[in-house]
Structures are given as C-alpha cells and as structure tokens.
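Asker: pasted the sequence and its predicted model underneath.
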Amino acid sequence: MNRRDFIGKTALGAGAVTVIPRHVMGGPGYLSPGDRITLGFIGVGKQSLGLMNSINGCAETIILAASDVDQKKLARFKNKAEIANTEKLNGGTQLVDTYENYRELLERKDIDAVVIVAPDHWHAMMAVDAARAGKDIYCEKPMALTVAEGRAMVAVTRKYDRIFQTGNMQRSWRDFRHACEMVYNGYIGEVKEINVSVGDPVMACELPEEPVPDYLNWDLWVGPSMYRNYNQILSPPIEITDWPMWRLYRDFGGGAITDWGAHMFDIGQWALGMDNSGPIEFIPPEKRAKRGLQMKYANGVVMNHKDWGDSNAVQFLGTEGKIEVSRSFYRSDIEGLTENELKGSDKALYRSDDHYQNWIDGIKNRIRPVSDVETGHRTASLCNIVNIAYDLERPLKWAPAHEKFIDDDDANRMLTRSFRGEWDFNDF
C-alpha cells in the first residue's frame, strides 16, 4: 500500500472516534460500547509484551489488531493478546487480526488508538500516518530518530487533535516526580549541575550480512532508512530473549544516548522546567571520547553526560545539597528531603500514578497526558543533538525556540535524514 492510496483512504476518517460494537464483546454483561477503547499494536517484539500487559491493565481497553513484519512474533502476540482479551471479558472472546503492513491496520475504522512499539527509525512515519487516520497514539521512547521527525510528529498530532503519550514512564513514578519537584522548588538551593550516567553514543552499523529468515519481510523492516543487509542482532529470532540491538546503530537507533538517555535526560529537563525548550550549547569532550559532553542552559545550569557513580541514574547538585535518583534508589544528603511534602506556595508537577491509565484517561477526556508529544519531542531532540555533537566533535550553539544550530550548516543538515524510495511524510 503506497502512501497516496493510504492517505486517500484515511483522510475522511481523520478525527473520527469509533467504538467496538457490543456483539463483538461477546454478549451482554460487559461495558457499554462507548466505554471500550479499541487498540491496535504496531510492532510486536519483546517490548510490546510488557506494554500489552500494562495497557491491558486499564479496564477500558481491548485489543483488536496487531502488525509486524515478523510472522512468528506476530503469531505469538496474537495468541497472548487473545488470552488477555478473554481474561478481561470474563470468558468472552475477542479475536486479534494481524497484518504485515501497519497501514492496513490503520484503515480499520473500529480502532481508536495505536501503540507504536516498532524500532526508532519507524516511529515518525507510523505516528504521522496514525494521526492522519484519526488514531490516538502511544509511542515508545525515544520518540523520534531525528529532530525534524519529532517536530513533524508534534505538528501532525496538533493538526488532527490526537492524544499522544510518549513512553517516558518514569514521569508516572513517584520518586522521579518528587525529585523533580524538590529541585524545581529550590529544596537543594540553586541548581548548578546535573550529572546523567547513561551509555555510549550511536555508532555506525558494520554487522556482516546473514541470510534473511523466510518469516521476516526484511525490506519492510528497514522501511524508510537506507538499506542494509540483514543481521539477527538487528532483528533477532523469537527464540532469542535478549533485547534487540538495532538501538545501538545509526539509521535505526541512537545508541544508549537515546535509549536510556530518553529516560534520564528527560528527568533533568523536567526538573528544570524545560519541557518546551532545551540547552543552548552542547560541548563535546576530546576526540573519540564516549563520555564527558556538557549541555549548558540559558539559566547557567550545566547537564553532563558522565559516569558519576551509578549507572542509568541522575544526580542533581545544588548550592545547599544534592539529590540522586534512579529506578532502584532515591536519596539526598538533606535529611528527610525524599519524604518532604510540598508547601502551599510550591509548584506541583503534573501528577500521573499510572502512565498507561493516564493515556487512556486522556483519550476519554481529550486532555494531554504527562508525557505529551511536545515533551517527548524535546527530550528526544536533546538526545539526538548529543549524538550530533559527539559525531562532529566540536561545540554547537543551539536555538531551542527555532530548533536550529547557530551558524553551523553541517550540523543543521544532521537534524533530518534522507528517506529511502517512496517513503515520505511531508504531505500531511
């Protein structure tokens, strides 16, 4: 299905909100049709299984369809999703239809929202198509592979009035939110420095060619990126339970900088109140180094990519104390700070206690969730620019309001990428 045909079929449906018919729900005794939010999953690898369980935990949801280019993974997801549907329907049945091409799934008028769990190089294309088709969107982090793609995702989400949640679920965890509130409201004094410990920048893909499995559409897996030959490290067979490592390689992911950085740099942005902005200068370390880059904000705060003692963690340093937070600890050298209650004069940050229910509630009430598309874009942009600075090995001045580098044409050319063949989304 080419893009012109897809747009022609979906344009009339943009903005429509549909519901699942009662007869599909297995008979009487279930929620009314209007209470069900019908879902399609796009990309059904390892991460999708956890998301299926999390989103299925929301009482209002039901899964109708899934899409993937790997037929074995698609069959596995279909089986697990139908079991989940049966459990949710107290023995009722709801089959899950499967598609190799996600655009066929998006044609379904009975699907309200999609969960995008494909590799990073597909996020923008799928999100733009989904918004145009009138679907609300949950998209895994990092939201976009390039700054330009992220901005396009914001623009199309706003144009079609979609509810978009980015998978930065730490914003729905108490300790991360509380740490950011303590920093934002000055409980450690004036913030001077933020240290973020995550892994390496993105690297070139030089994996050797391997035979393509007969159950995998490799050309469609590569999609809009520049073509390279198959290697199972990029798309491992279902028998391999490790995380796929496409995320390390240019054209498909952004290394640990975007993988874990999309979580941890996001917390730094949130604490500084920079959800609609970002640093103004990126200063890389000596040549070929993989740590040590500095990001300077207009207010003088410096955020560093450095190993400060704990992995995948954030350290806030202020004039009166420090806060350190990760998924396994939350601590401060100020006694009792981690349990402090906010004062009436303090600013409370957006509170979400369940990232997935927060998205569903947003769909029902048409309100933006805790990690809205603009927020996800700004975090992904920061990560993408970090990779650009490491690659160019020179300081870069950034204008957050215009999303351009200042007086650096080479760097500005790296804000986007060429798409392969007929893949394009400039006509939304």
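Answerer: Arrived safely.
Asker: centroid-nearest residue for the chain?
Answerer: Nearest to the centroid of the C-alpha atoms of the chain, with distances taken as C-alpha atoms, centre = their mean, sits residue 141, at 2.0 Å.
Asker: just checking, that residue touches residue 168?
Answerer: Yes: applying C-beta atoms under 8 Å as the test, residue 141 and residue 168 come out as touching, 5.2 Å apart. In short, each C-beta sits where N, CA and C put it, glycine included.
Asker: okay, and the common contacts of the two?
Answerer: Counting by C-beta atoms under 8 Å, 6 or more residues apart in numbering, the common neighbours of residue 141 and residue 168 are 262-263, 266, 376, 379.
Asker: just the ones of those in strands?
Answerer: Secondary structure from DSSP state E places none of these in strands.
Asker: so which of the residues you listed wins on neighbours?
Answerer: residue 379 (33 neighbours; other C-beta atoms under 10 Å).
Asker: check contacts around it.
Answerer: Contacts of residue 379 by C-beta under 8 Å, 6+ apart are 141-143, 166, 168, 262, 265-266, 269.
Asker: what about 6 Å?
Answerer: 262, 266, 269 (C-beta atoms under 6 Å, 6 or more residues apart in numbering).
Asker: repeat that for residue 212.
Answerer: Residue 212 neighbours (C-beta under 6 Å, 6+ apart): 218, 230.
Asker: got a pLDDT number for it?
Answerer: Confidence at residue 212, expressed as pLDDT, is 98.
Asker: distance check, it against residue 69.
Answerer: 11 Å (C-beta to C-beta, to the nearest Å).
Asker: with residue 301 instead?
Answerer: 43 Å.
Asker: same check, this time on residue 164
Answerer: For residue 164 relative to residue 69 (C-beta to C-beta), the value is 24 Å.
Asker: between those two, who's got more neighbours?
Answerer: Using other C-beta under 10 Å as the criterion, residue 164 and residue 69 rank with residue 164 on top: 30 against 23.
Asker: which ones are touching the residue lying closest to the more buried one once chain neighbours are set aside?
Answerer: Excluding the flanking residues, the one nearest residue 164 by C-beta to C-beta, 6 or more residues apart in numbering is residue 373, at 3.9 Å. Residue 373 is in contact with 153-154, 157, 164, counting by C-beta under 6 Å, 6+ apart.
Asker: please repeat the previous calculation with a cut-off of 8 Å.
Answerer: Residue 373 neighbours (C-beta under 8 Å, 6+ apart): 137, 143, 153-154, 157-158, 164, 166.
Asker: ditto for residue 64
Answerer: With C-beta under 8 Å, 6+ apart, residue 64 has these contacts: 20, 38-40, 94, 96-97, 108, 110-111.
Asker: got these as CSV, with neighbour count, secondary structure and distance to residue 217 columns?
Answerer: Formatted as CSV, the contacts of residue 64 follow (neighbours: other C-beta atoms under 10 Å; DSSP: H, G, I helix; E, B strand; the rest coil; distance: C-beta to C-beta, whole Å):
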residue, neighbour count, secondary structure, distance to residue 217
20, 21, coil, 29
38, 22, strand, 26
39, 26, strand, 23
40, 25, strand, 18
94, 20, coil, 27
96, 22, coil, 19
97, 15, strand, 18
108, 19, coil, 20
110, 13, coil, 25
111, 24, coil, 22
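Asker: widest-spaced pair of these?
Answerer: 94 and 108 (13.7 Å; C-beta to C-beta).
Asker: start and end of stretch 94-101, how far apart?
Answerer: End-to-end distance of stretch 94-101 (C-alpha to C-alpha, to the nearest Å): 21 Å.
Asker: what helix or strand does residue 311 sit in?
Answerer: Residue 311 is part of no helix or strand, with elements assigned from DSSP states H and E.
Asker: tell me the phi and psi of the residue nearest to it when sequence neighbours are not counted?
Answerer: Distances taken as C-beta to C-beta, 6+ apart place residue 197 nearest to residue 311, at 5.5 Å, with adjacent residues excluded. The phi/psi pair for residue 197 (degrees, to the nearest 10) reads phi -100, psi 100.
Asker: check residue 246 too.
Answerer: phi -60, psi -30.
Asker: that one against residue 234, yeah?
Answerer: Yes: here residue 246 reaches residue 234: they are 4.4 Å apart, a contact under C-beta under 8 Å.
Asker: who touches both of the two?
Answerer: Contacts common to residue 246 and residue 234, judged by C-beta under 8 Å, 6+ apart, are residue 252.
Asker: who's in contact with residue 391?
Answerer: 201-202, 414.
Asker: sorry, back to before: in ChimeraX, how would I select just the buried ones from the contacts of residue 373?
Answerer: Restricted to buried positions by 16 or more other C-beta atoms under 10 Å, the ChimeraX selection for the contacts of residue 373 reads:
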select :137,143,153,154,157,164,166
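Asker: save the contacts of residue 373 as CSV, and put in pLDDT too.
Answerer: Shown next, in CSV, are the contacts of residue 373 (pLDDT from 0 to 100):
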residue, pLDDT
137, 98
143, 98
153, 97
154, 98
157, 98
158, 98
164, 98
166, 98
